[in-house]
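> Quick one, structure for this:
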Amino acid sequence: MTTAPVSRAGAPGPLVLRDARLLGVAEPRDVLLSGGLVSRVGPAGSIEAAGVPEFRLDGRYLAPGLWDAHVHFTQWVVRRERVDLAPAGSAAQAVAIMRAALPVSDADVVVGYGFRDALWTDAPTRAALDAIAPDRPIMLISGDLHCGWLNSAAGRHYGLDLPEDGVLRETEWIGALGVHDRGTQPNHEAYAAAARAAASRGVVGIVEFENQDNATIWPDRVAAGVDSLRVEGSVWPDRLDEAITRGRRTGDVLDEEGLVTFGRLKIVVDGSLNTRTAHCWAPYPGLDPADPDSYGVQSVTPERLVELLRTAHANGILPAVHAIGDQANTAVVDAFEALGIAGVVEHAQLVAEDDFARFGSLGLTASVQPEHAMDDRDVADRHWHGRTDRAFAFRSLHDAGATVHLGSDAPVAPLDPWIAISAAVSRSRDDRDAWHPEQNLPVDLALSASTRGRFTVAAEEVADLVVLDADPLTSPPDALRELHVAATLLGGRFTWNDLGDPR
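Numbers count the residues shown, from 1 in each chain. Predicted coordinates:
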């Protein structure tokens, strides 16, 4: 089928979608869109709209558009330019991949992305990278974005005092990556292409957690044509005072098209599982229990966390706090409880048994990434041995009363909600047995967790919609990963259209 042109941003004219099947509704419906809203929903053939363009969906399924609740968009855009290290099963294999990439790269710094060393039997060393590139900077970025492996030339290039193994973790690494990224920003067309690709998977909005001046950068991108998505742009603690001075509040609209809003304060209180820096109550295997570092990294003290939350809350800025280890999650829940406020806990990968109920009683939202459970199941079985019944525990969080949102943490997992939905529903991938299937989410809940609680299409709601060739409620979990999206509409205008021309 020929793909019809996609309209630019602006006030869309009225449009009728005929013979649509709404999720959970047996009989086909007609849907009238007008002024960016769903104006009317009625039985098939009941809406008369002379002169209004019509698209016949021919029984396709019409549903609310999808959100990705956790994205690092620049990292997602630039991943294509980086050497793919995902196949590396050892440090030696990662070095071999980089060696092969050196002759074909003309970059000043040759960057690889996607290594996961938590199960490697050998360790990264700076000497191994120096041996293949003694004078050319090389930077390898972990798949979870929480550590980097550099050679000596890269250390000199960035003015870094590298450790013997060349590996930087957490705060030191995030600072180094920020310096690199500021010098290698993609052009607007690269961002627009990535946004269109997301729209082709039914995405209408993202929550942006890139550590940058999102309140300025994203309106500029929209003005330059990156207009296929709604964006909630976070603010990090180093820009919190500036945001308060400017009077920014969560939910403020920041651009003329109404696509960009000011989001939440992003606070990172610990590290990650693959980097073994998630802050846990038990030490990591093989490490000295008497050494505080054996339990992971506490990036922000509980006192500082409460201070940041209090300041943000007093100024109308809502919080989103990264917590992966169970000790980190306890500290975050304690802080919310102490202040009597609600918020979003990003990741919530390992939760202490007593903390599930507190997620619910405090009205917290767990923003989770189901594909991480598939990527990390073997790592969790090794490094969180004996605790994985409460790891990536989406059903336990829901049953305790927490609101669950699904996302990708792109580029850590692909920016594709259907992958997240499939992983949440099945806890399986690559024909493996389901991992802790008691934590599966029912498909209707997984869908609602990807659409901000909207399950069906109703009048007076925003016309952010997705047209599907198959019913996701009855599709096998593996089929959900590849579910074909026929069209995506943002405020009633097509951002992806594989339906053809109106009739």
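> which secondary structure elements does whichever strand or helix holds Ile419 contact?
Here Ile419, judged by DSSP states H and E, is contained in helix 417-426. Packing partners of helix 417-426 (3 or more CB pairs under 8 Å, 6 or more residues apart in numbering; DSSP states H and E): strand 66-71, helix 370-383, strand 403-406, helix 443-448, helix 477-481. The C-beta positions use only the backbone N, C-alpha and C, and glycine is treated the same way.
> change it to 6 Å
helix 370-383, helix 443-448, helix 477-481 (3 or more CB pairs under 6 Å, 6 or more residues apart in numbering; DSSP states H and E).
> Of all the residues in the helix or strand following the first one, which ones are buried?
Next in sequence after helix 370-383, counting helices and strands by DSSP H and E, comes helix 394-399. Within helix 394-399, the residues that qualify as buried by neighbour count (16 or more other CB atoms under 10 Å) are Phe394, Arg395, Ser396, Leu397, His398.
> and helix 394-399, how far from the chain's centre?
19 Å (CA atoms, centre = their mean, to the nearest Å).
> Leu57 contacts Asp19, doesn't it?
Yes: contact criterion CB atoms under 6 Å: Leu57 and Asp19 qualify, at 5.4 Å.
> Neighbour count: the two, which is higher?
Per other CB atoms under 10 Å, whichever of Leu57 and Asp19 has more neighbours is Leu57, with 24 against 18.
> would JSON lines of the helices and strands packed on helix 417-426 with mean pLDDT be doable?
Shown next, in JSON lines, are these (pLDDT from 0 to 100):
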{"stretch": "helix 370-383", "mean pLDDT": "98"}
{"stretch": "helix 443-448", "mean pLDDT": "98"}
{"stretch": "helix 477-481", "mean pLDDT": "96"}
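> Go through these and name the closest to Glu257.
Proximity to Glu257 (CB to CB) singles out helix 443-448 among these, at 26.8 Å.
> Show me what secondary structure element comes after the closest one.
Using DSSP H and E, the first helix or strand after helix 443-448 is strand 465-468.
> Averaged pLDDT, that following strand. What do you get?
Averaged across strand 465-468, pLDDT comes to 98.
> in its sheet, what does that strand sit against?
Strand partners for strand 465-468, identified by DSSP bridges, are recorded as strand 61-64 (antiparallel), strand 485-490 (antiparallel).
> Can you say which of the ones you listed is nearest to Val306?
Of all the strands paired with strand 465-468, strand 61-64 comes closest under CB to CB, at 36.1 Å.
> Run the chain-centre distance for that closest one.
Counting by CA atoms, centre = their mean, strand 61-64 comes out at 22 Å from the chain centroid.
> Residues touching it, excluding its own?
Ala20, Arg21, Leu22, Leu23, Thr451, Arg454, Val457, Val466, Val467, Leu468, Asp471 (CB atoms under 6 Å, 6 or more residues apart in numbering).
> could you give the angle of the helix holding Ile419 to helix 370-383?
Inter-element angle recorded for helix 417-426 and helix 370-383: 50 degrees (by axes from the mean of the first three to the mean of the last three CA atoms, to 10 degrees).
> pLDDT averaged over helix 417-426 - what is it?
98.
> again with stretch 20-32
Averaging pLDDT along stretch 20-32 gives 95.
> what sits up against that stretch?
With CB under 6 Å, 6+ apart as the test, stretch 20-32 has contacts from 16-19, 39-42, 44, 47, 57, 59, 61-63, 456-457.
> where does this structure dip in pLDDT?
1-11 (pLDDT under 70).
> Domain boundaries for it, per the record?
The chain breaks down by automatic domain parsing into domains covering 1-65+454-503, 74-182, 188-453.
> Now the buried members of the contacts of stretch 20-32.
Buried subset of the contacts of stretch 20-32 (neighbour count, 16+ other CB under 10 Å): 16-19, 39-41, 47, 57, 61-63, 456-457.
> Not counting sequence-adjacent ones, nearest residue to Gly42?
Setting aside the residues directly before and after it, Gly42 is nearest to Asp30 in space (CB to CB, 6 or more residues apart in numbering), at 5.5 Å.
> Now the phi/psi pair for the one you found, please.
Dihedral pair for Asp30: phi -100, psi 140, per degrees, to the nearest 10.
> count of neighbours near it?
22.
> Quick one: the strands in the stretch 51-200 of the chain, in order.
54-56, 61-64, 66-71, 83-84, 110-115, 138-142, 147-150, 167-169 (DSSP state E, counting those that start in this stretch).
> Which among the ones you listed is found nearest to Ala342?
From the strands of the stretch 51-200 of the chain, taking CB to CB, the stretch that ends up closest is strand 66-71, at 15.7 Å.
> the inter-axis angle of the closest one versus helix 417-426?
Here strand 66-71 runs at an angle of 90 degrees relative to helix 417-426 (the same axes, to 10 degrees).
> How far does strand 66-71 sit from its chain's centre?
So, by CA atoms, centre = their mean, the centroid of strand 66-71 is 5 Å from its chain's centroid.
> Any figure for the gap between the closest residue to Asn214 other than its chain neighbours and Thr74?
Spatial nearest neighbour of Asn214, excluding adjacent residues (CB to CB, 6+ apart): Gly233 at 2.8 Å. Counting by CB to CB, to the nearest Å, the separation of Gly233 from Thr74 is 12 Å.
> Looking at the two, which one has more neighbours?
Neighbour count, other CB under 10 Å: between Gly233 and Thr74, Gly233 has more, with 26 against 21.
> what about the more buried one, which SS state?
Of the three states, Gly233 takes strand under DSSP: H, G, I helix; E, B strand; the rest coil.
> okay but it is in contact with Pro219, surely?
No: with contact defined as CB under 6 Å, Gly233 does not reach Pro219; the gap is 9.0 Å.
> can you list residues touching both of the two?
In contact with both Gly233 and Pro219: no residue, using CB under 6 Å, 6+ apart.
> quick one on the thing from earlier: filter the contacts of strand 61-64 to the buried ones?
Ala20, Arg21, Leu22, Leu23, Thr451, Arg454, Val457, Val466, Val467, Leu468.
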